[in-house]
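Trainee: Provide a 3D model corresponding to the input given below.
(one chain, ligands or ions: 1)
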Amino acid sequence: METAGREDWESGQDWESAQGRNTGRSVNRSAGGTPEAEGAAGSAAEARRPSVPDPGWKIGRCLGQGGMAAVWLAERSADGARFALKMPYGAAADEFELRRELAIRSRVRHENLLEVHGLLATADGPGLLLEYAPGDSLARLVAVRKTLGEGETVTVLVAVARALACLHAEGSAHGDVSPGNVLFTANGKPLLADFGTGRMLGETRDAGAGTPGFEAPAMERGGRAGGTALESDVYALGALGWFMLTGRALMPGLRPPLRVVLPGLPEALRRLLDAALDEDPAQRPSAETFAAEVFRAWPAEPIDLLAAVHPSVRPELRTRRSVLAPGKPSKQGKPSKQGKPSKQGKAVKRHRHLGKGRRSRQVPWEDTRRPRRRRFAGPAVFAGPGLSGPGPGPLAPAPAPGTAPAERKRRHRSIRRPARRPARRPVWLGAASVLVALTVGLGGVAVLAPEALRTPGEVRVPASSEASAGESGSGEPRTVDGAADGNPAAGDPAVNTGAEAPAANPGPAAESAVSGPAETELAVLTGEDPVAAVRILSTLRARAYAEGNPGLLAWVNQPDSAAEAADLAGVGRLGRQGERLAGFTVELVQAERLGSLLIGTDPGEQVAVTTENSAYEQVGADGVPSAAPGASARQELVLELVRTEQGWRIARVLPAAAGLERRGGAQR
Ligand SMILES: Nc1ncnc2c1ncn2[C@@H]1O[C@H](COP(=O)(O)OP(=O)(O)OP(=O)(O)O)[C@@H](O)[C@H]1O
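Mentor: The predicted structure follows:
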C-alpha cells in the first residue's frame with residue numbers, strides 16, 4: 001500500500017488520496033482541495049459548498065468526497081448540533097437514491113449504524129442529513145496508521161458485524177461494507193455508514209456496486225452464484241479484517257494464506273477471517289456469529305484515531321494515545337507501533353496468558369465508569385459556552401455543540417478497560433488516562449468565574465458596546481481604574497492609547513477612562529501570529545475581569561460568538577454589581593498552534609494553551625471584598641481564533657485534551 005503523505009489540512013492536498021487507493025472508491029478531501037483519486041475525478045470536481053436557504057443552518061468544511069457524493073459539516077444554529085450533509089454530485093438525479101437510503105435506514109436502528117436524520121433542502125436539491133462522525137473513516141485511519149493491531153481490528157469487526165447482524169435481521173443487506181464506509185465517533189465507536197448501495201432483500205442487486213477488494217468473488221463475477229447479499233456482507237467483513245491487519249485490500253482472485261502473511265496472528269482470529277472469506281458462501285458464518293466469535297477470540301481495544309482526524313477534531317477525541325504528537329505527520333513507510341502485526345510466538349504467548357473466559361465483556365467505546373472531577377476554585381477566564389458543564393443554572397456553560405444529551409452524559413464517564421489486555425500494549429492505560437484527563441478538563445472549565453458569578457438570576461447577554469454604554473449610563477457604580485488591583489496597565493495613560501476600537505464592535509473607545517490595548521498590543525492582535533495574539537487576548541481578558549469592565553472584551557472576542565456571550569455574562573454581571581476581581585491576572589504558561597480550521601465560513605486557528613490565573617478578591621467599588629477570595633488555578637484549553645478585520649479574536653473555547661495528551665505522551 002502506498003503511504004499517505006503529510007496532509008495539508010487547509011488545502012486538502014493528499015487528503016485521503018490514499019483512501020481512494022485503499023478502497024478503490026472513496027476520495028476524501030477538504031474543501032478547496034484537489035481530488036486525487038482516480039475513481040472519482042469527474043464527480044469530485046463538481047463538489048461545491050451547498051447553499052442552504054434556511055438561515056438556521058451553517059455549512060462548514062468538506063468532510064470528504066466519495067464516488068457519488070460530497071459530505072459537508074452542517075451546524076444547526078439553534079443548538080449548535082452538528083451533522084454531516086451528504087450532497088450527491090448530480091443532486092436531482094440522485095434524489096431517489098437519497099430517499100431510498102433514508103427509507104432503509106429509518107427502518108433499522110443500531111448503535112453501530114450511522115444515524116440518518118432526514119433531508120435538508122439546499123439550492124442544489126436535497127441533501128441527506130447524517131449523524132456527524134468526527135473520527136473520520138477507517139480508510140483514512142489505515143492510510144495514516146498503515147495497519148491496526150489485533151485489538152483494534154476486533155473492535156471494528158465486532159461493531160460492523162453487529163450492525164450487519166441487525167440489518168440482516170431486518171431483511172436488509174448493506175452491499176458495500178468497505179473502509180470508506182466505516183466511520184468513527186469521537187470516542188472511537190465504529191459506525192457503519194452509506195446505505196447508498198444497500199438493497200431490500202428481494203431487490204435485484206447490482207453486480208459491482210461494492211468496493212473492489214471487499215466484494216465477494218461471486219459478486220465480482222457479476223452473478224449471485226449461490227451467494228446471498230447477506231453472505232457477501234460477511235465476506236466483506238473478512239476482507240475488512242484482512243485490510244486492517246495487513247494494510248492492503250485483497251486482490252481479486254489472489255488470497256495468500258493468512259498464516260503466511262501474518263504468522264503471528266492469533267489462531268482464533270485467523271480461523272474466523274478465513275471462514276468469512278471462504279469461497280463457498282455457505283461456509284461463511286452469519287454476521288451475528290462472526291461478531292460473537294471475534295469478540296471471544298481476542299480482547300477489543302480502543303481505536304487510536306489521533307493521527308488520522310482533522311486537527312479541529314483532536315480536542316474532542318476520547319481514545320487518544322501518543323501514536324503521534326498532534327500536528328506531526330506519520331513517519332512515512334514506518335508502521336506505527338500499535339499497528340505492527342504481532343510477532344509469532346509473542347502472540348501465542350499472550351493468547352495463553354489471557355486464558356479462557358478472562359476477556360473483556362465490554363466494547364471499548366462504552367463508557368461506564370463515573371468521572372473523576374477536579375474543582376477549579378478560581379475563575380476559568382477562558383471558559384465559556386461550547387463546553388459541557390456539570391451543573392444546570394444560568395451560569396453553567398452551554399452544552400457542547402453537536403452533543404446530544406446521551407453523548408453529553410458520556411463525557412462525564414470513563415470507558416471501561418477490558419478485563420485483560422495484551423501485555424505488550426500499555427496503550428489502553430494511556431487511552432484511559434487521557435480520558436480521565438479530559439474529564440477533568442471538562443469539569444474544570446465548566447466552572448466559570450464562580451465567585452464573580454455567584455449572584456443568582458437571569459443574565460442578559462448584551463453586545464459589548466451595549467454593555468459599556470449600558471453600564472455607564474445606568475448610574476450604577478463602576479470601576480474603571482485598575483490601579484488598585486495591581487494591574488499596571490489598567491488606567492495607565494501609557495497604555496490608554498485611545499486606539500480606535502473595532503467598528504463592528506466598538507467597545508470602550510468613547511469612554512476615555514477605560515483602558516484599551518496598547519499600541520504594541522494592537523500590533524500583535526492585527527499581526528500574523530495567532531500564538532502571540534493569544535498572549536495579548538489573555539491579558540486583555542484578565543483585565544476585563546480585574547476591572548469589571550465588559551468594554552474591554554470588544555478586543556478579545558469575536559462579535560456574537562459563544563466566547564463573547566460567556567464573557568459578557570461574567571464580566572457584565574461584575575460590572576452591573578459595581579464589582580471586579582481585584583488582583584486577578586492570567587499568565588499564559590504555554591501556547592501552541594494546533595492548526596487551521598474553518599469557523600463557520602471564516603478561516604481560523606486552533607491554539608492549545610495552558611494558563612495560570614492568580615488568586616484574587618471579588619471587591620465592590622469601595623474595595624471591600626464581597627465574596628470569599630478565589631484561589632489560583634491552572635487550566636489547559638484549546639482556543640479557536642478567527643482573524644477579523646480588526647485582528648485576532650476568540651470565537652470558541654474547547655476542553656484542553658490536546659495539551660493533556662501531549663504532556664502524557666511526553667512522559668510515556
Ligand atoms: N457522517 C459522516 N461524518 C463524517 N464524515 C463523513 C460522513 N459521511 C461521509 N463522510 C466522509 O465523506 C467520505 C465520502 O462519503 P461517502 O462514502 O458516504 O460518499 P459516497 O459517494 O456515497 O461514497 P462511495 O464512494 O462509497 O459511494 C467518507 O469517506 C468520509 O470520509
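
Trainee: ok, and does stretch 65-75 reach over to the ligand?
Mentor: Yes. Judged by C-beta under 6 Å from any ligand atom, stretch 65-75 comes into contact with the ligand through 65-69, 71. For every residue, glycine as well, the C-beta is placed using N, CA and C.

Trainee: filter these down to the ones in strands?
Mentor: 65, 69, 71 (DSSP state E).

Trainee: related to what we said a few turns ago, of the residues of stretch 65-75 next to the ligand, which is the most crowded?
Mentor: Highest neighbour count within the residues of stretch 65-75 next to the ligand, by other C-beta atoms under 10 Å: Gln65, with 32 neighbours.

Trainee: what sits opposite it in the beta ladder?
Mentor: Note on Gln65: beta-bridge partners Val27, Ala70, judged by DSSP bridges.

Trainee: make a markdown table out of the residues of stretch 65-75 next to the ligand and add pLDDT and distance to Leu138.
Mentor: As requested, the residues of stretch 65-75 next to the ligand are arranged in a markdown table below (pLDDT from 0 to 100; distance: C-beta to C-beta, whole Å):
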| residue | pLDDT | distance to Leu138 |
| --- | --- | --- |
| Gln65 | 87 | 16 |
| Gly66 | 80 | 14 |
| Gly67 | 77 | 17 |
| Met68 | 77 | 18 |
| Ala69 | 82 | 18 |
| Val71 | 92 | 15 |
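
Trainee: state the pair within the residues you listed that is farthest apart.
Mentor: For the residues of stretch 65-75 next to the ligand, with distances taken as C-beta to C-beta, the pair at the greatest spread is Gly67 and Val71 (12.1 Å).

Trainee: give me phi/psi at Leu120?
Mentor: phi -120, psi 130 (degrees, to the nearest 10).

Trainee: what about it, distance to Thr520?
Mentor: Using C-beta to C-beta, to the nearest Å, Leu120 is found at 47 Å from Thr520.

Trainee: the nearest residue to Arg270 once chain neighbours are set aside: neighbouring residues, count only.
Mentor: In space, and not counting its chain neighbours, Arg270 is closest to Leu258: 4.9 Å by C-beta to C-beta, 6 or more residues apart in numbering. Neighbouring residues of Leu258 were enumerated by other C-beta under 10 Å; the total is 20.

Trainee: got it, and Asp622?
Mentor: For Asp622, the count of nearby residues is 9 (other C-beta under 10 Å).

Trainee: tell me the secondary structure for it?
Mentor: Going by DSSP: H, G, I helix; E, B strand; the rest coil, the secondary structure assigned to Asp622 is coil.

Trainee: near the ligand, which residues of this protein are found?
Mentor: Looking at the ligand, the residues of the chain close enough under C-beta under 6 Å from any ligand atom are 25-26, 28, 63-69, 71, 84, 86, 114, 130-133, 136-137, 176, 180-181, 183, 193-194, 196.

Trainee: for whichever residue of the stretch 201-350 of the chain sits closest to the ligand, which non-adjacent residue is closest in space?
Mentor: Distances between the stretch 201-350 of the chain and the ligand by C-beta to the nearest ligand atom are smallest at Thr211, namely 6.6 Å. On the basis of C-beta to C-beta, 6+ apart, the spatially nearest residue to Thr211 that is not a chain neighbour turns out to be Ser178, at 3.7 Å.

Trainee: give me the number of residues near that neighbour?
Mentor: 29.

Trainee: do you know how far it is from Glu215?
Mentor: Taking C-beta to C-beta as the measure, Ser178 and Glu215 are separated by 9 Å.

Trainee: anything in contact with each of the two?
Mentor: In the contact map built from C-beta atoms under 8 Å, 6 or more residues apart in numbering, the residues linked to both Ser178 and Glu215 are Ala236.

Trainee: quick one: the helices in the stretch 101-250 of the chain?
Mentor: Secondary structure of the stretch 101-250 of the chain (DSSP state H, counting those that start in this stretch): helices at 138-145, 150-169, 217-220, 229-246.

Trainee: and the second one with helix 138-145, angle?
Mentor: Between the axes of helix 150-169 and helix 138-145, defined by axes from the mean of the first three to the mean of the last three C-alpha atoms, to 10 degrees, the angle is 170 degrees.

Trainee: please save the CA atoms from helix 150-169 in CSV.
Mentor: Presented in CSV, the C-alpha positions along helix 150-169 are these (Å, rounded to 0.1, in the frame of the first residue of the first chain):
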residue,chain,number,x,y,z
GLU,A,150,-5.5,-7.2,16.6
GLY,A,151,-7.3,-5.5,19.5
GLU,A,152,-8.4,-2.5,17.3
THR,A,153,-9.3,-4.8,14.5
VAL,A,154,-11.5,-6.8,16.8
THR,A,155,-13.2,-3.5,17.9
VAL,A,156,-14.1,-2.6,14.3
LEU,A,157,-15.1,-6.1,13.2
VAL,A,158,-17.3,-6.7,16.2
ALA,A,159,-19.1,-3.3,15.7
VAL,A,160,-19.6,-3.7,12.0
ALA,A,161,-20.6,-7.3,12.3
ARG,A,162,-23.2,-6.4,15.0
ALA,A,163,-24.5,-3.6,12.8
LEU,A,164,-24.8,-6.0,9.8
ALA,A,165,-26.5,-8.6,12.0
CYS,A,166,-29.1,-6.0,12.9
LEU,A,167,-29.6,-5.1,9.3
HIS,A,168,-29.8,-8.7,8.2
ALA,A,169,-32.4,-9.4,10.9
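
Trainee: packing partners of it?
Mentor: Taking 3 or more C-beta pairs under 8 Å, 6 or more residues apart in numbering; DSSP states H and E as contact, the helices and strands that helix 150-169 lies on are strand 190-192, helix 229-246, helix 267-276, helix 287-297.

Trainee: name the residues of it that are buried.
Mentor: For helix 150-169, a neighbour-count test (16 or more other C-beta atoms under 10 Å) marks 150-168 as buried.

Trainee: coming back round to it: more neighbours: which of Leu120 and Thr520?
Mentor: Shown here are Leu120 and Thr520; by other C-beta under 10 Å, Leu120 has more neighbours (21 against 11).

Trainee: quickly note the distance from the more buried one to Leu63.
Mentor: In this structure, Leu120 and Leu63 are separated by 15 Å, where distance is defined by C-beta to C-beta.

Trainee: where does pLDDT dip in the protein?
Mentor: In the predicted model, the chain carries pLDDT under 70 at residues 1-46, 90-95, 97-98, 100-101, 104-105, 195-209, 218-227, 318-362, 365-515, 655-668.

Trainee: residues in a beta bridge with Thr609, which ones?
Mentor: Just so we're on the same page, residue 609 is Val rather than Thr. Applying DSSP bridges to Val609 gives these bridge partners: Ala591, Leu637.

Trainee: surely it and Leu639 touch.
Mentor: Yes. Counting by C-beta atoms under 8 Å, a contact exists between Val609 and Leu639, whose distance comes to 5.9 Å.

Trainee: tell me which of those two has more neighbours.
Mentor: Ranked by neighbour count (other C-beta under 10 Å), Val609 and Leu639 place Leu639 first, with 28 against 25.
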